[in-house]
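Chemist: Need a 3D model of the sequence below.
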Amino acid sequence: MVTGNGSYRTFSRPENDDKIMSSWERFMGGQDPASDALRRLIDDSWRRCHGIVDPGRSHAPDPVVEETLHGILGDNRDLVRASTPVMASARDFLFETGTVMVLTDAEGVVLSVEGDRTLRDPTERIRLMPGANWSEAVCGTNAIGTALQIGQPIQIHSAEHYCSGIKRWSCSASVIRDPLSGVTLGAIDISGLSESYSRHSLALAVAAAGRIENRLGQREMKLRYRLLDHCLERLRAPGGDGLIVFDRSGRAIKTNDKAATLMAELAKGRGSPASAIRDLTLPWREGRVAPENMPDWIDHNWIEPILLEGERLGAVLVLPDRSAVVRRAGLRALPRNPPAAADPFDRLTGRSPAYLEAVRRARLLAKSPVPVLLLGETGVGKDAFAQALHAGGVQCSGPFVAINCGGFSRELLTSELFGYAEGAFTGARRGGMTGKIEAADGGTLFLDEVGEMPLDLQPHLLRVLEAGEVYRIGENQPRKVKLRLIAATNRDLKAEVEAGRFRPDLFYRIAVTTLKLPSLRDRAGALPALAEHLLAEIARRYEIPVPDMKPEVLEVFHRHDWPGNIRELRNVLEGMLLESGGASLSGGHLPPELAGTNRVDVAFGSPAAATGTLVRAESEAILAAIRQHQGNLTSAARDLGIAKSTLYVRIERLGLKESVGLMRG
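Modeler: Reported below is the predicted structural model:
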């Protein structure tokens, strides 16, 4: 693909607007639009649209009704969840830029819009809003629809649009693909009026799509690890049956020794050609196996879905050994969880005084049913403390139900929390859905990132906590629930209350007791022991010996500020382990952002860090303030004595966006 001056370049040239407009007018008049200024990609798109799209269209069709949009959001649950922090950050870094970021599904239907609020009226006039369809077949040549059509990033400016009513706009889009299968899941777009044109907006769209794909990949791998951990004991167990583990997309990811032999025998026994395990897939539809699409030699009863805490992780295909007598009950038994430690807090790893004090207080709080608010930076292990508080409390025999309030759109979070009745909206599951609040009855509800909960949902949660009852969407009768609440946040909720972004009555209801967890920077003395513990866990998961770490690695670890805390340390160690191939971990295995950099560079990867003492000092001061206020830019600006808008400008000018994004993530 040519990205420079060739006709296939992906970016636009505003200086060619007049020539391109003349080409469009010739094309509308039935003539050949040929022009040196007209890119081949645009010419091809116009020809696809000709006779299908009304060139006089001034906006997309009206958005689908809310119930239908809810169903579309549900169908794209993973994409929306992975995109939420990226879209949320657009509210800040597109502030006063005259542009918005748009997320769509694979059909071009808008799922979410964030960015400069001054564009609200113009975007609504052209229906650039959730539920509207911006596919090329509906709205003509535009960045969203054309990127989805050609499967590559593209920028479309002004006259290059096919429809006359949209030629005031400039937009750049990149497709989002499934990181494992490569299937197109949707698109991310940066749009604004023509005067906001910037060639860099295309790079921003590509980078945003990459971040979303990376988050999708990380989540998929975590789910795979959970699936394999769940099935590992069974795969190793002696027996005559063949076992093939499939992930939730239907791809085979693990087998036992008997699987290939039995698969060949069973396929041959039914007159079907044997195929390789890597070519075998289990097609899913609406959460269930679609048996009509499976190979004819597979009996539907051989398939066992694997669900943990209500989430489908995949399935196990059991290939029966006809030469052995195996009881069906034993054949279908699921592996048991390993016995829990007598004291669940013994599983928390840490030896620093601050960490031990947090564990001591948590052990005391576990015995009380009152709500607990866990405070601390992202990645400090709030989820591990929440599970220990549950396991050490009187409700330990009940369910532990967790939900990340920052991982969903408002509509999806409502359904996930409260559930819905059958027929509550178009696309609702038959029989309705049990919400997380109801599922936690008799146990613990863990609300992670509670500070991200939309303001209008907060009174509904408060009613649940005060009245002990929940209403499903579409129902008028309450359902009684009794649960313990544990919440967690990396935000300063008191500052959020003062800013009007969090209800004070809910804050005082969930913060009956608070527990501050120390950051990894405050536990520097325990870093070697913690790194060794995490490395042993990772090696055990991959079934390889635990490698040792060279002193130079620990030296770099001590210099690093660990903005992502334990989660970041675990990811770094896992990457180094895979890079090393089982050998000792040395400086050569460090990721680029840690290798060969000074303290500021290691911590933040800031491109401004090496440009001089004053610039470095300013960068450090800004980042320290934002870290101190746990990502709250309003509070950080107040602390620095500058306006919030000035802080945005300084972050942009100093190249600190990525660093700030990590601290706010």
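Chemist: And the contacts of stretch 528-539?
Modeler: 349-351, 520, 523, 545-547, 549, 554, 557, 566, 569-570, 573-574, 577, 585 (CB atoms under 8 Å, 6 or more residues apart in numbering). Glycine gets a C-beta too; all of them are placed from N, C-alpha and C.
Chemist: helices or strands next to the helix or strand harbouring residue 354 in the packing?
Modeler: Using DSSP states H and E, residue 354 falls within helix 353-365. Identification of packing neighbours for helix 353-365 by 3 or more CB pairs under 8 Å, 6 or more residues apart in numbering; DSSP states H and E yields helix 382-391, strand 513-516.
Chemist: what comes up buried for it?
Modeler: 355, 358, 359, 362, 363, 365 (16 or more other CB atoms under 10 Å).
Chemist: My guess is the last one contacts residue 486. True?
Modeler: Same thing as residue 365. No. Using CB atoms under 8 Å, residue 365 is not in contact with residue 486; the gap is 9.5 Å.
Chemist: Which ones among the contacts of stretch 528-539 lie within helices?
Modeler: If you go by DSSP state H, the contacts of stretch 528-539 have 554, 557, 566, 569, 570, 573, 574, 577 in helices.
Chemist: how close does the closest residue to the fifth one other than its chain neighbours sit to residue 525?
Modeler: Counting by CB to CB, 6 or more residues apart in numbering, residue 534 is the residue found nearest to residue 570 once chain neighbours are left out, at 5.1 Å. For residue 534, the distance to residue 525 under the criterion CB to CB, to the nearest Å works out to 16 Å.
Chemist: Which residue of those two possesses the greater neighbour count?
Modeler: The residue with more neighbours, out of residue 534 and residue 525, is residue 534; 18 against 12, by other CB atoms under 10 Å.
Chemist: residue contacts, the residue lying closest to residue 483 once chain neighbours are set aside?
Modeler: Of all residues not flanking residue 483 in the chain, residue 440 sits nearest, at 4.5 Å (CB to CB, 6+ apart). Going by CB under 8 Å, 6+ apart, residue 440 touches 398, 399, 400, 401, 481, 483.
Chemist: Mind putting those into CSV with secondary structure?
Modeler: Shown next, in CSV, are the contacts of residue 440 (DSSP: H, G, I helix; E, B strand; the rest coil):
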residue, secondary structure
398, coil
399, coil
400, strand
401, strand
481, coil
483, coil
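Chemist: Most neighbours among the residues you listed, please name it.
Modeler: Comparing those by number of neighbours (other CB under 10 Å), residue 483 comes first, having 24 neighbours.
Chemist: quick one: stretch 560-571 to chain centroid distance?
Modeler: 18 Å (CA atoms, centre = their mean, to the nearest Å).
Chemist: First-to-last residue distance for it?
Modeler: 14 Å (CA to CA, to the nearest Å).
Chemist: Could you check that stretch and say which residues are buried?
Modeler: Those would be 560, 561, 562, 563, 564, 565, 566, 567, 568, 569, 570, 571, for stretch 560-571 by 16+ other CB under 10 Å.
Chemist: how much space is there between the second one and residue 81?
Modeler: So that's residue 561. Applying CB to CB to residue 561 and residue 81 gives a distance of 28 Å.
Chemist: same question, the fifth one
Modeler: Between residue 564 and residue 81 the computed distance is 19 Å (CB to CB).
Chemist: Next: the third one.
Modeler: Distance from residue 562 to residue 81, counting by CB to CB: 25 Å.
Chemist: Name the residues of stretch 232-250 that come out as buried.
Modeler: Across stretch 232-250, burial judged by 16+ other CB under 10 Å covers 234, 235, 241, 242, 243, 244, 245, 246, 247, 248, 249, 250.
Chemist: Distance to residue 63 added to those residues, as CSV?
Modeler: Below are the buried residues of stretch 232-250 laid out as CSV (distance: CB to CB, whole Å):
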residue, distance to residue 63
234, 47
235, 48
241, 51
242, 49
243, 47
244, 43
245, 41
246, 37
247, 34
248, 30
249, 29
250, 32
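Chemist: how about those residues, which pair is most distant?
Modeler: Among the buried residues of stretch 232-250, the pair separated by the greatest distance (CB to CB) is 241 and 249, at 23.8 Å.
Chemist: before we move on, back to that, run the angle between whichever strand or helix holds the residue nearest to residue 570 and helix 353-365 for me.
Modeler: Taking DSSP H and E as the criterion, residue 534 maps to helix 527-542. For helix 527-542 against helix 353-365, the angle by axes from the mean of the first three to the mean of the last three CA atoms, to 10 degrees is 60 degrees.
Chemist: what mean pLDDT does helix 527-542 have?
Modeler: Helix 527-542 carries an average pLDDT of 82.
Chemist: Any idea how far stretch 61-70 is from the middle of the chain?
Modeler: Relative to its chain's centre, stretch 61-70 lies at 24 Å (CA atoms, centre = their mean).
Chemist: nope, stretch 34-53 is what I meant
Modeler: So, by CA atoms, centre = their mean, the centroid of stretch 34-53 is 36 Å from its chain's centroid.
Chemist: in that stretch, what's buried?
Modeler: For stretch 34-53, a neighbour-count test (16+ other CB under 10 Å) marks 35, 37-39, 41-46, 48-49, 53 as buried.
Chemist: Could you tell me the end-to-end distance of stretch 504-517?
Modeler: With CA to CA, one end of stretch 504-517 sits 23 Å from the other.
Chemist: Mind listing residues that contact that stretch?
Modeler: Defining contact as CB under 8 Å, 6+ apart, one finds that stretch 504-517 is touched by 355, 358, 361-362, 365, 368, 370-376, 380-382, 385, 447, 450, 458-459, 461-462, 465-466, 485, 487, 493-494, 497.
Chemist: what comes up buried for the helix ranked longest in the chain?
Modeler: Longest among the helix segments of the chain by residue count, using DSSP H, is helix 200-236. By neighbour count with 16+ other CB under 10 Å, helix 200-236 contains the buried residues 201-206, 208-209, 211-213, 215-216, 220, 223-224, 226-231, 234-235.
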